[in-house]
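Novice: Next comes the sequence, and after it the predicted model I'd like to discuss.
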Amino acid sequence: MYSFIKPYEKPLIGYVFRIWFFFTIITLIILLGFDMILGYKINSFEKSIISNNKRQTQFLIDIETFKKKIKFLNKERSFAKDVETSNKLLVESLKNFFELIPEQITLNKIIVDKNSLTIFGITPSKDVYNLLLAPPLKSIFSKSVVDFYLQDNGWYRFVSKNESKIVKKEGNK
Amino acid sequence: MQKELEELNIVKILLFVFLYLVIIVLFIIFYTVPEIKTYKTEHIRYKENLKSYYSVLNKHELLKNTLESNKKTYKELLTAFRTPFNQKDFISFSKNYFKEVSVKKTKDIKKEDEFLIYRYKMNYILKDIDSLYKFFDGLKNYPAIIKIDFPFILESSSDNMLKGKCIIEIHESNISI
């Protein structure tokens, strides 16, 4: 058969197609790489979020524990302070009480209770007690009762019972 | 090749370029864009999570430091609340102020919230009332939380001494800090 052109070798896949295919594949590889990086980052975010959430939950548990401990420590401080104040009030009450006792009166025994004070003592006369000790006691306590017992030497033993709702206030003076 | 290049026509090239663009655009639309959207969403979620995480972490550290600092500041107080009461040691301490001391545990144990309160009967003999005041002062530094409770009895004895009786309350805590 006659041909107007010289026969030449025709490749099954042309050069243009090869170039097109090469660039298409390269571009797709670049895009896939980019997507893979994004996928890796997304995965990394998810892992971080899960890990952070786990730690956050533990932190929240710790926070509650810390809060409870701080609260309890403050409670202990307050408790210790109350104890110290109570002891201080008692000693101050005693100091103040002994300052009230006139020289003529001798004390034998005192019983201090939460709301009462019982005094056992000796006085040269009822008047000494009534003039020197009774008034300050009456000013402190809401109820003050005294019993006198005459002794052989003419002096009086006395038992003074004093009651108040606020014995401790004596120490605040 | 020479021959093929010679045969190149613009329509064919445009067709390839068009096909290339179509493939790439479709890939971007159906694969890359959703991935970018997911990334953006996850990034926002991550940032919010990080913000919340650091907020909790800061609070955690703040409270932890506060607790540690309080524990250092009130070390003696914490120890006092948690050291079991040593009767012998207390008697030895009291003898610095009193001539004679005896302490006896009562069966009366009170429980107030997280505190245990043990009660002891204390009898003592002292030379003068100042010793009692000094004892009260000394109690502040004794490594236990001790409250002097009522009834508080003080009486003079025949040998020119003072005899005293009182209840002491030992406060212990059963919570560890």
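Specialist: It's in.

Novice: Show me what the longest helix seen in chain B is packed against.
Specialist: With secondary structure taken from DSSP state H, chain B has its longest helix at helix B:33-73. With contacts taken as 3 or more CB pairs under 8 Å, 6 or more residues apart in numbering or on different chains; DSSP states H and E, helix B:33-73 sits against helix A:15-100. Heads up, the C-betas are built off the backbone N, CA and C, glycines and all.

Novice: which other helices and strands contact the helix it packs on?
Specialist: Helix A:15-100 packs on strand A:106-112, helix B:2-6, helix B:10-27, helix B:33-73, helix B:75-82, helix B:129-139, strand B:145-156, strand B:162-173, going by 3+ CB pairs under 8 Å, 6+ apart.

Novice: report the angle between the axes of it and strand B:145-156?
Specialist: 0 degrees (axes from the mean of the first three to the mean of the last three CA atoms, to 10 degrees).

Novice: Can you give me the pLDDT of residue 18?
Specialist: In the absence of a named chain, chain A is used. Residue A:18 is assigned 87 on the pLDDT scale.

Novice: The chain in question should be chain B.
Specialist: pLDDT, residue B:18: 94.

Novice: For burial, what's the neighbour tally of it?
Specialist: 10 (other CB atoms under 10 Å in any protein chain shown).

Novice: Residue A:93 too?
Specialist: 21.

Novice: I'd assumed residue A:113 was in contact with it.
Specialist: No: if you go by CB atoms under 8 Å, residue A:93 and residue A:113 don't touch, sitting 11.6 Å apart.

Novice: Go through the helices and strands of chain A and name the one with the lowest mean pLDDT.
Specialist: Least confident helix or strand, chain A: helix A:134-140 with a mean of 90, by mean pLDDT, DSSP states H and E.

Novice: Can I get it as PDB, trimmed to CA atoms?
Specialist: Presented in PDB, the C-alpha positions along helix A:134-140 are these (Å, rounded to 0.1, in the frame of the first residue of the first chain):
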ATOM      1  CA  ALA A 134     -19.900  41.100 147.200                       C
ATOM      2  CA  PRO A 135     -20.200  44.200 145.000                       C
ATOM      3  CA  PRO A 136     -17.700  43.200 142.300                       C
ATOM      4  CA  LEU A 137     -19.100  39.700 142.300                       C
ATOM      5  CA  LYS A 138     -22.600  41.000 141.800                       C
ATOM      6  CA  SER A 139     -21.500  43.200 139.000                       C
ATOM      7  CA  ILE A 140     -20.000  40.200 137.200                       C
END
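
Novice: Who are the packing partners of it?
Specialist: strand A:143-150, strand A:156-163.

Novice: Return the most buried member of the ones you listed.
Specialist: Of those, the one with the most neighbours on average (mean count of other CB atoms under 10 Å in any protein chain shown) is strand A:156-163, at a mean of 18.

Novice: what pairs with it, and is each one parallel or antiparallel?
Specialist: If you go by DSSP bridges, strand A:156-163 pairs up with strand A:116-123 (antiparallel), strand A:143-150 (antiparallel).

Novice: Centre of the chain to that strand, how far?
Specialist: Centre-to-centre, strand A:156-163 and its host chain are 45 Å apart (CA atoms, centre = their mean, to the nearest Å).

Novice: which residues sit against it?
Specialist: Identification of contacts with strand A:156-163 by CB atoms under 8 Å, 6 or more residues apart in numbering or on different chains yields A:108, A:115-126, A:129, A:133, A:137, A:140-151.

Novice: can we see that at 10 Å?
Specialist: A:105-106, A:108-111, A:113, A:115-126, A:128-129, A:133-134, A:137-138, A:140-151, A:170 (CB atoms under 10 Å, 6 or more residues apart in numbering or on different chains).
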